[in-house]
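Novice: Mind folding the following:
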Amino acid sequence: MGEVEVPATALWRAQTQRAVDNFPISGTPLEHDHIHALALVKAAAASVNGDLGVITKEQAEAIAEAARSVADGDYDDHFPVDVFQTGSGTSSNMNTNEVIASLARLAGVDVHPNDHVNASQSSNDTFPTSIHVAAVLGTTQRLRPALETLATSLEAKAEEYADVVKAGRTHLMDATPVMLGQEFGGYAATVRYAVERLDGVLPRVRELPLGGTAVGTGINTPPGFPTGVIARLNELTGEQFTEARNHFEAQGTRDSLVELSGVLRTIAVGLTKICNDLRWMSSGPTTGLAEIHLPDLQPGSSIMPGKVNPVLPEATLMVCAQVIGNDVAVATAGAAGNFELNVMMPVLARNLLESIRLLSTSSRLLAERCVDGITVNEDRMRTYAESSPSVVTPLNRLLGYEEAAKIAKQAMVDGATIRDTIVRLGYLRDGKLTEHQLDQALDVKGMTHP
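Specialist: Numbering: from 1, shown residues only. A predicted model of the protein is given here:
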């Protein structure tokens, strides 16, 4: 293929440089978590290859040591290959092999990128394995704890405001009252269900295609290799990865990663609803709802003094938009399995892992810098609740739907409360209602439970 020039200070070699030259497309490399996961796979593989006599103990130790330093993030700058590359991820797999081989050589051990670092492996099984490893670690170590933090913050607000009544709204229009604590309890449940959804998909994401090598048959692997490597990976990560039940499914499709991305999209949809509700309830301060107050974090305008905006809900909404878009890319890439191999894995990995990273950071920030500092305007919320024409609803049982509707419409015309309208129209005087019945029916807190 001709000569190629590699920077003198680079740890990568010719195959990586060819990829750098061939794919100057986006300037965006793989996610760092993905590089680190691929290095963990190499470290585990080297240890097992050493045990099985595929490479020498000295080579195995040198490779494993170098791979662990890559996994620690010490050499992220030496992974320049663009995410838009060969669909199998071969360029990034070889980038990893070459950097590890160079580090081993610097340590005084002669190691070849293909013959030793890549022994018993193929890009076609190690690269997808690394996506699964990175996705699981990102989910369990960062996203899941971040969602737990957000759920806990929302639950604390649900408890704090359990006795604060407010107007309910459907279609953005007045509805019967609810407790603010009930609304926050619903938000918390949304996030708790998000954690349940992640827990539901993770067992399938933990299944690794390692050992399938080129086409799923396991050619060039010694007996016991995948089992040993996965066991070693579990030691390194504290996870419980398993070998794929069917290597042809595991190599030809990326369905479990598509499923995980779908869960991330669902989480983004739920967070969108929560953030929009927070924006609506905090709108104002004089011309909006102004039912709650979000923490003041920064000036909201370069020209309007004193303006403060709901910046963290807005930032989270943009994250959610990105995650939903990423899911489209992941689904498209996941459908690109032809016979024995998916050929859009790098972009699938980049979008999936970015979604995990963005949801992790934004969920924690939303909890700690926004939800935890929310305060409320109880008087304003009660006024809204009591002035809503929908509080006529309990009178359906006493007067019937049609009669109650007439009262609500008349109250709207007069700009009066339901109670004042009932009194003015003579329902108490005519004996259609008693004072006690009216008090019970118009108890806004009483309307918030069966």
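
Novice: now the helices for the stretch 101-250 of the chain?
Specialist: Listed in chain order, the helices of the stretch 101-250 of the chain (DSSP state H, counting those that start in this stretch) span 123-138, 144-160, 180-205, 225-237, 247-252.

Novice: what about the third one, distance to the chain center?
Specialist: Meaning helix 180-205. Chain-centre distance of helix 180-205: 12 Å, with Cα atoms, centre = their mean, to the nearest Å.

Novice: which parts of that helix are buried?
Specialist: By neighbour count, with 16 or more other Cβ atoms under 10 Å as the criterion, the buried positions of helix 180-205 are 180-185, 187-188, 190-192, 194-195, 197-198, 201-202, 204-205. All C-beta atoms are positioned from the backbone trio N, CA, C, and that covers glycine.

Novice: repeat for the last one
Specialist: Across helix 247-252, burial judged by 16+ other Cβ under 10 Å covers H247, A250, Q251, G252.

Novice: In CSV: those residues, plus distance to L433 and pLDDT.
Specialist: Compiled in CSV, those are given as follows (distance: Cβ to Cβ, whole Å; pLDDT from 0 to 100):
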residue, distance to L433, pLDDT
H247, 74, 97
A250, 70, 97
Q251, 73, 95
G252, 71, 96
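
Novice: thinking again about what came up before, can you lay out the helices of the stretch 101-250 of the chain as a markdown table showing distance to P394?
Specialist: Written out in a markdown table, the entries for these read as follows (distance: least, Cβ to Cβ, whole Å):
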| stretch | distance to P394 |
| --- | --- |
| helix 123-138 | 49 |
| helix 144-160 | 25 |
| helix 180-205 | 17 |
| helix 225-237 | 57 |
| helix 247-252 | 57 |
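
Novice: Quick one: residues contacting the residue nearest the centre of the chain.
Specialist: When the chain is reduced to its mean C-alpha position, the closest residue under Cα atoms, centre = their mean turns out to be L359, at 3.8 Å. For L359, the contact set (Cβ atoms under 8 Å, 6 or more residues apart in numbering) comprises L143, A146, L147, L264, I267, A268, L271, V319, V323.

Novice: redo that, cut-off 6 Å
Specialist: Counting by Cβ atoms under 6 Å, 6 or more residues apart in numbering, L359 makes contact with L143.

Novice: Return the backbone torsion pair for it.
Specialist: Note on L359: its backbone torsions stand at phi -70, psi -40 [degrees, to the nearest 10].

Novice: Give me the residues contacting stretch 98-106.
Specialist: Defining contact as Cβ under 6 Å, 6+ apart, one finds that stretch 98-106 is touched by 11-13, 16, 42, 62-63, 66-67, 75, 78, 111, 113, 117.

Novice: Stretch 18-35 now?
Specialist: Counting by Cβ under 6 Å, 6+ apart, residues outside stretch 18-35 touching it are 4, 76, 79-85, 91-92, 134, 138, 349, 353.

Novice: show me where the stretch 251-400 of the chain has helices.
Specialist: Counting by DSSP H, counting those that start in this stretch, the stretch 251-400 of the chain has these helices, from start to end: 255-281, 311-334, 345-369, 378-387, 396-399.

Novice: Indicate which one of the ones you listed is closest to D174.
Specialist: Evaluated over these, closeness to D174 peaks at helix 378-387, with 8.1 Å, by Cβ to Cβ.
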